[in-house]
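A.B. asks: Okay, predicted coordinates and the sequence, questions at the end:
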Amino acid sequence: MKRLILSALLAAILLTSCGSDVDLEEASPLSVVPDRAIVSIVVSDPAGMVKNIDGYIQNGAPVLGANVLENLICEQLGVLCLDSVTARYGVDPSGDIAFWMESAMPGSMGMAASAPDFPLFLSLMEEMGMEIVVEESPGDVKIYSMDSAKGTIFFAGVQGVALMAMSSGNLQTMINGLSAETQYQVVPTSLTIKLNLSMIGPMAAAQMPMARMMVAQGMAADTTMPAYLPGIMDVYLDGIESFLSQADFMELTLITGPEDFAVKKNISFISGSALGEMLVATDEPDMIRNIPRGNVATVRFQMPSEIAYQITKAFTDVFTTEVSDEILYFWSSLASNGAVAVYDDDFIHMIVAYEAADDLTIEEVAVLYADYLEMLTPFLEQSEEIANTFSIQDNGIVQIEGVDFYSMSMSILIDTTTTMNFDYWLTVHDNALLMETAPQPEILLGIVAGDYIPAELNGTGQIAGEMSLAGYFKLIMSASPNGMEIQDIGTDVIFNWDGGYSEGEIYGEMYMNGSDAVATGFALFGLISAIQ
């Protein structure tokens, strides 16, 4: 079994590690990665990634010991440590590995990797019985080939870099383009994936009619499904199709830093496309200042006004087309700029602040919500099951401690004996429409009185926030009719994210402390195991 594992591993390394008899200046594997390949994957310093992850484990769950992941890998490789991989196999585990496909054709595949000792690697392959053929080469660099299930693989090693291609012509192009300079920038100890959505999107969009048909057939077979649900699914599918047909490029990077684990993304849209034109930078007031910090989550959200309007109109049209522009612009304005704080003392207890017009009154809010409920109710009543389990009550304007609130209540029948009740309180204050979901608007009263500490976020983008994983689990468990509680797990991980929009682009980053993540996951695993 060990020989089989080693053979498979060395076969994989063949695609990422070779060398050359030619002694030249060391080059970068990234110098030959095409700019707009249909897909490219780059791993920078995999050994460093493993060591950083082992650091998370050792600090977050010391009972597991040191070098857990490295020891597992080295056991399979038959080496004492990752630093020994070069001397054993001829590859550099602290270098770069890149794989790509220039098109959807398998023959467009290519690979490059840091590999300083080709003769060592070649001898290992030959000892294992693999047949490697020396090909005729137009230059000084030796070209080798090997037959595989995918076809003939051509490879060469030059300037400390291993190159692989599915054709000798592509391999020669890579050899000619190899250099120490590169425009492909990567973060150390990271995995970067780039997707050319302008090539992938149309191919995926061509499958949408089939997907729509399958969704429609599934819904038609369910006679209990509400009449409005197919319309909502159409809106989602329209959104997916628009994205696939208008997106240009996406880059996703996973970074294992010494302390933090991070995920970064960037999506660009085709110049002149509808989404590209609507994605513009926003410069709106930060509504975070209008709410206190939540102990589960605190979030800022801002959306380009045109996108907010189109989304609002699309979902509203599912229920009725007889709605005024005044109502549409009101709802879309709420989606375009706001902030949310979530608390763990009750299920879905949150404070929301929406940017409001200077002259908005609570009386106008009451009318707009009453019109909305009047429009929504008939569609909910089309399903007897929903009508019997779901109800909304408009309580009108209520005054509490001298503050006018618009109030409404919602009830959901869980079973014959259990009902979940939700109360919503809204008021207008300091150019904001404030809402609290709670039996009484206690936090809102403090905000209106100025008796609160405004929330702050590390992220400065239009979409930013933080969330406590332990708080989230406590919130979910509080939804249990029996009031199930989560015991103190002794640690927590805070997810932070930051991002927004620029001209024709969406960008974002999520990060958390790696050791805290391991500690929380280890504690939760033990808790779940104990419950079961």
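C.D. replies: Thanks, I have it.

A.B. asks: can I get the CA coordinates of the helix or strand containing residue 373 in PDB?
C.D. replies: Element membership for residue 373, per DSSP states H and E: helix 362-380. What follows is the C-alpha trace of helix 362-380 in PDB, where atoms were taken according to Å, rounded to 0.1, in the frame of the first residue of the first chain:
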ATOM      1  CA  ILE A 362     -43.400  57.800  11.200                       C
ATOM      2  CA  GLU A 363     -46.900  58.300   9.800                       C
ATOM      3  CA  GLU A 364     -45.600  57.900   6.300                       C
ATOM      4  CA  VAL A 365     -43.800  54.800   7.300                       C
ATOM      5  CA  ALA A 366     -47.000  53.400   8.800                       C
ATOM      6  CA  VAL A 367     -48.900  54.000   5.500                       C
ATOM      7  CA  LEU A 368     -46.200  52.400   3.400                       C
ATOM      8  CA  TYR A 369     -46.000  49.300   5.600                       C
ATOM      9  CA  ALA A 370     -49.800  49.000   5.700                       C
ATOM     10  CA  ASP A 371     -49.900  49.200   1.900                       C
ATOM     11  CA  TYR A 372     -47.200  46.500   1.700                       C
ATOM     12  CA  LEU A 373     -49.100  44.200   4.100                       C
ATOM     13  CA  GLU A 374     -52.300  44.700   2.100                       C
ATOM     14  CA  MET A 375     -50.500  43.700  -1.000                       C
ATOM     15  CA  LEU A 376     -48.800  40.700   0.500                       C
ATOM     16  CA  THR A 377     -51.600  39.100   2.500                       C
ATOM     17  CA  PRO A 378     -53.700  37.800  -0.500                       C
ATOM     18  CA  PHE A 379     -50.700  36.000  -1.900                       C
ATOM     19  CA  LEU A 380     -49.900  34.300   1.400                       C
END
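
A.B. asks: can you give me the mean pLDDT across that helix?
C.D. replies: Helix 362-380 carries an average pLDDT of 82.

A.B. asks: from the middle of its chain, how far away would it be?
C.D. replies: Mean C-alpha position of helix 362-380 versus that of the full chain (Cα atoms, centre = their mean, to the nearest Å) differs by 35 Å.

A.B. asks: Please enumerate residues in contact with it?
C.D. replies: The list of residues contacting helix 362-380 from outside it, by Cβ atoms under 8 Å, 6 or more residues apart in numbering, reads 226-228, 319-320, 323, 327, 330-331, 386-387, 390, 392, 394, 396-397, 404-406, 408, 426-428, 433. Glycine gets a C-beta too; all of them are placed from N, C-alpha and C.

A.B. asks: I'd like the list of those that fall within strands, please.
C.D. replies: Using DSSP state E, the members of the contacts of helix 362-380 that fall in strands are 390, 392, 394, 396-397, 404-406, 408, 426-428, 433.

A.B. asks: Are any of those buried, and if so which?
C.D. replies: Burial by neighbour count, judged by 16 or more other Cβ atoms under 10 Å, picks out 404, 405, 406, 408, 426, 427, 428, 433 from those.

A.B. asks: Domain-wise, how is the chain divided?
C.D. replies: 2-195, 215-531 (automatic domain parsing).

A.B. asks: Return the distance of residue 454 relative to residue 334.
C.D. replies: 20 Å (Cβ to Cβ, to the nearest Å).

A.B. asks: which one of these two has more residues nearby?
C.D. replies: residue 334 (17 against 12; other Cβ atoms under 10 Å).

A.B. asks: State the phi and psi torsions of the more buried one.
C.D. replies: Backbone geometry at residue 334, expressed as degrees, to the nearest 10, gives phi -70, psi -40.

A.B. asks: about what we covered before: for the domains of the chain, could you give me CSV that also reports distance to residue 205?
C.D. replies: Compiled in CSV, the domains of the chain are given as follows (distance: least, Cβ to Cβ, whole Å):
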stretch, distance to residue 205
domain 2-195, 14
domain 215-531, 4
